[in-house]
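J.: I would like the atomic coordinates for the input below:
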Amino acid sequence: MIAEPSFDYQQLGPPQVRQLRMRQQDGVINQLLTYTTPSGDRRIAEIIRPAREGPLAPILYVHWYEPESLDSNRTQFQREATLMADRGAVALLIETMWSDRDWFLKRTQSDDQQNSTRQVIELRQALDLLLAQPGADPRRCAYVGHDFGAMYGVLMGSVDSRPCCYVLMAGTPRFSDWYLYSPRLEGEARETYIKTMAPIDPIAHAAQLTPAPLLFQFGRDDPHVPEDRALAFYTAAQEPKQIRWYEAGHGLNQEAEQERVEWLAAQLRLDKPATL
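T.: A predicted model of the protein is given here:
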């Protein structure tokens, strides 16, 4: 039997944060900073919050991987986080291992499990940073992830109960669905890799997010996440859960953003409606 890696880490105190800039516009504060991860790397992050005092609903946003897209990084959710800040949320937009456009080509399959473990630990630390923000209400903490952001969010939530709800966008149930794109493996090597990654596949952990409400969002024309994979992921999760489909590809669309914003606002008990 292949052992499941541990996502535990010892929180030694707040990460070493260095502010790069801060600006305020239309009642919303945007703060750019760097911080040190448990493995010693420095990551860039962005905090978007209302200028008014709390209590505020914390939201951790984790972006997708699409190297051909300009928003395949922490900037993907800037617009949405600004809308949510206007409604009373404080959002953290983070850098990940896949923020590097060439990351998929640089990685090796022998390192995929170890790097996955490190990424989950980084997400747990990102929650530490988010919940340390002034006015952050830990009882109303949400997680929003797209693609790898959705998949690694499930792993984080399986060992960290702080998020009270999740939006999981265009995630696929198994890491081998992605990681076998390149380099391609055949025969025994392929089966060995699938078995090695199976203990951390999101489909094996989705049920552990209960009792947090889940919103799954999928595109009907997604070449990476066909309907059978999407339904397998959704079926593995426990109630309360919802699944919504959009006439869109892997990047989803504005309708998905609108429904996500309204679903989060209801779950987090936020104020006035956003204008998209």
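J.: need the contact partners of the longest helix anywhere in the chain.
T.: Secondary structure of the chain per DSSP state H: the longest helix is helix 112-131. Applying C-beta atoms under 8 Å, 6 or more residues apart in numbering, the contact partners of helix 112-131 are 5-7, 9, 11, 14-15, 17, 35, 37-39, 43, 45, 58-60, 62, 90, 92, 94, 96-97, 107, 136, 138, 141, 152-153, 155-156, 159-160, 162-163, 175, 179, 196-197, 200. Quick note: C-beta positions are derived from backbone N, CA and C, even for glycine.
J.: hmm, who's touching stretch 36-51?
T.: 9, 15-16, 20, 24, 27-35, 56, 74-75, 78, 81-82, 84-86, 88-95, 118, 121-122, 125-126, 129, 133, 135.
J.: which of the residues you listed are buried?
T.: Among the contacts of stretch 36-51, those buried by neighbour count (16 or more other C-beta atoms under 10 Å) are 9, 15, 28-31, 33, 35, 56, 74, 78, 81-82, 84-86, 88-95, 118, 121-122, 125-126, 129, 133.
J.: how about low-confidence regions in the stretch 151-276 of the chain?
T.: Judged by pLDDT under 70, the stretch 151-276 of the chain has its weakly predicted residues at 273-276.
J.: residue contacts, Ser176?
T.: Contacts of Ser176 by C-beta under 8 Å, 6+ apart are 193-194, 197, 201.
J.: distance to Glu257 for these - can I get that in CSV?
T.: Converted to CSV, the contacts of Ser176 look like this (distance: C-beta to C-beta, whole Å):
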residue, distance to Glu257
Tyr193, 35
Ile194, 34
Met197, 31
Asp201, 28
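J.: can you list contacts of stretch 187-206?
T.: With C-beta under 8 Å, 6+ apart, stretch 187-206 has contacts from 2-5, 109, 112-113, 116-117, 150-151, 154-155, 157-158, 171-176, 179-180, 185, 232-233, 236-238.
J.: run the chain-centre distance for the longest helix of the chain.
T.: Here helix 112-131 shows a centroid-to-chain-centroid distance of 10 Å under the convention C-alpha atoms, centre = their mean, to the nearest Å.
J.: do the same with stretch 23-42
T.: For stretch 23-42, the distance to the chain centre is 17 Å (C-alpha atoms, centre = their mean).
J.: between the two ends of that stretch, how far is it?
T.: 22 Å (C-alpha to C-alpha, to the nearest Å).
J.: and stretch 136-153, by the same measure?
T.: By C-alpha to C-alpha, the extent of stretch 136-153 from end to end equals 20 Å.
J.: likewise for stretch 159-175?
T.: 18 Å.
J.: circling back to that earlier point, out of the contacts of Ser176, which sit inside helices?
T.: Per DSSP H, the contacts of Ser176 map to helices at 193-194, 197.
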